[in-house]
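[1] Structure for this input, please:
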Amino acid sequence: MRLIDTHTHLDFPDFDADRERLLASAAALGVERMVVLGVDQGNWQRVWDLACSDTRLPAALGLHPVYLEQHQPEHLAQLRAWLERLRGDPRLCAVGEFGLDYYLPELDKARQQALFEAQLQMACDFDLPALLHVRRSHAQVIATLKRYKPVRAGIIHAFAGSYEEAREYIKLGFKLGLGGAATWPQAFRLRKTLPRLPLESVVLETDAPDMAPVMHPGARNSPEHLPDIARALAEVMGVECAALAAASTRNACELFGW
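    The predicted model follows:
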């Protein structure tokens, strides 16, 4: 089974003690690539250093909405400078993680929107996929994407919306990132939506170290868990695991140009 983990934070300190062991273990399980996403200006260099050290760890750089208070106006200019400097480098695969988070009430919506649109414009300007964080904000994200119409589209990370919202993203060319959340029986709506999704619209992810699947409760999530996640999601979707794995890998390769 060949797999690609389209969303990780492997630069986080959670992995400092055993990152090399983890990468070898994940590779032995068939996980060929693991996208590492930036979340604020302070971790871009760590993300890029990983990408430079291992061809299995392509990088994305962005300003995550949950870290809104850490982001300064000059960080957008610095992000553009990074993207300009790395333009055409195959180790840079996307802009992200960015988006809108309406779950946390303390995050100012207007500031989030400005940051979202500025990064979405960069994804368009540099012809890179957008890796989007969308929490309780599907309507606003969809409306914004319809205005910008990014040609490369991207991935809706940790998709947990309705079938109708999924259909809108698919129409816009976006893939839906599926991971540990849908393995939990409590995710009623999501588990009802999954069997209706076309295989050509989904990619697999872990969000390591977060969003551990039901078979590893309370554990640090890891790309090593992606095969287990794939098996659980295939069962929910009513498809063969091999078919889901092959479709997800194909979709990721097409999106990122691999």
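
[2] okay, CA-based contacts and neighbour counts for the rest of this
    Will do.

[3] Only C-alpha atoms, please: export stretch 175-194 in CSV.
    Taking Å, rounded to 0.1, in the frame of the first residue of the first chain, the C-alpha atoms of stretch 175-194 are listed here in CSV:
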residue,chain,number,x,y,z
LYS,A,175,-9.7,17.8,-2.4
LEU,A,176,-11.0,16.9,1.0
GLY,A,177,-8.5,15.9,3.6
LEU,A,178,-9.6,12.9,5.7
GLY,A,179,-7.9,11.6,8.8
GLY,A,180,-8.4,10.5,12.3
ALA,A,181,-11.7,12.4,13.1
ALA,A,182,-13.9,10.1,10.9
THR,A,183,-12.6,7.0,12.6
TRP,A,184,-14.5,7.9,15.8
PRO,A,185,-18.0,6.6,16.1
GLN,A,186,-19.2,9.9,17.6
ALA,A,187,-18.6,11.7,14.2
PHE,A,188,-22.1,10.8,13.1
ARG,A,189,-22.5,13.5,10.3
LEU,A,190,-19.1,13.0,8.9
ARG,A,191,-19.5,9.2,8.8
LYS,A,192,-22.7,9.6,6.9
THR,A,193,-21.1,12.0,4.4
LEU,A,194,-18.0,9.9,3.6
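
[4] mind listing the helices for the chain?
    19-28, 44-53, 73-85, 109-125, 138-148, 163-171, 188-193, 226-237, 241-256 (DSSP state H).

[5] Enumerate the positions of the second one that are buried.
    Within helix 44-53, the residues scored as buried using 16 or more other C-alpha atoms under 10 Å are 44, 46, 47, 48, 50, 51.

[6] How far does the lowest-mean-pLDDT helix or strand in the chain sit from its chain's centre?
    When the helices and strands of the chain are compared on mean pLDDT, DSSP states H and E, helix 188-193 comes out lowest with a mean of 95. Relative to its chain's centre, helix 188-193 lies at 20 Å (C-alpha atoms, centre = their mean, to the nearest Å).

[7] How about the contacts made by the nearest residue to residue 135 once chain neighbours are set aside?
    In space, and not counting its chain neighbours, residue 135 is closest to residue 101: 4.8 Å by C-alpha to C-alpha, 6 or more residues apart in numbering. Shown in contact with residue 101 (C-alpha atoms under 8 Å, 6 or more residues apart in numbering): 65, 66, 107, 112, 133, 134, 135, 136, 137.

[8] From residue 198, how far off is residue 101?
    26 Å (C-alpha to C-alpha, to the nearest Å).

[9] and what of residue 95?
    For residue 95, the distance to residue 198 - C-alpha to C-alpha - is 25 Å.

[10] In terms of neighbours, single out the busier of those two.
    Neighbours per residue, other C-alpha atoms under 10 Å: of residue 95 and residue 198, the larger number sits with residue 95, 28 against 12.

[11] Correct me if wrong: that one contacts residue 133.
    No - under the criterion of C-alpha atoms under 8 Å, residue 95 is not in contact with residue 133, lying 11.5 Å apart.

[12] For residue 97, report the pLDDT, please.
    Model confidence at residue 97, given as pLDDT, is 98.

[13] I'd like to know how far the residue lying closest to residue 173 once chain neighbours are set aside sits from residue 129.
    Of all residues not flanking residue 173 in the chain, residue 153 sits nearest, at 5.6 Å (C-alpha to C-alpha, 6+ apart). Counting by C-alpha to C-alpha, the gap from residue 153 to residue 129 is 5 Å.

[14] how near is residue 118 to residue 210?
    Residue 118 sits at a distance of 27 Å from residue 210 (criterion: C-alpha to C-alpha).

[15] no, scratch that, I was asking about residue 140
    25 Å.

[16] just residue 170 next, same as before
    Using C-alpha to C-alpha, residue 170 is found at 25 Å from residue 210.

[17] What is the burial count for residue 126?
    Using other C-alpha under 10 Å, residue 126 has 16 neighbouring residues.
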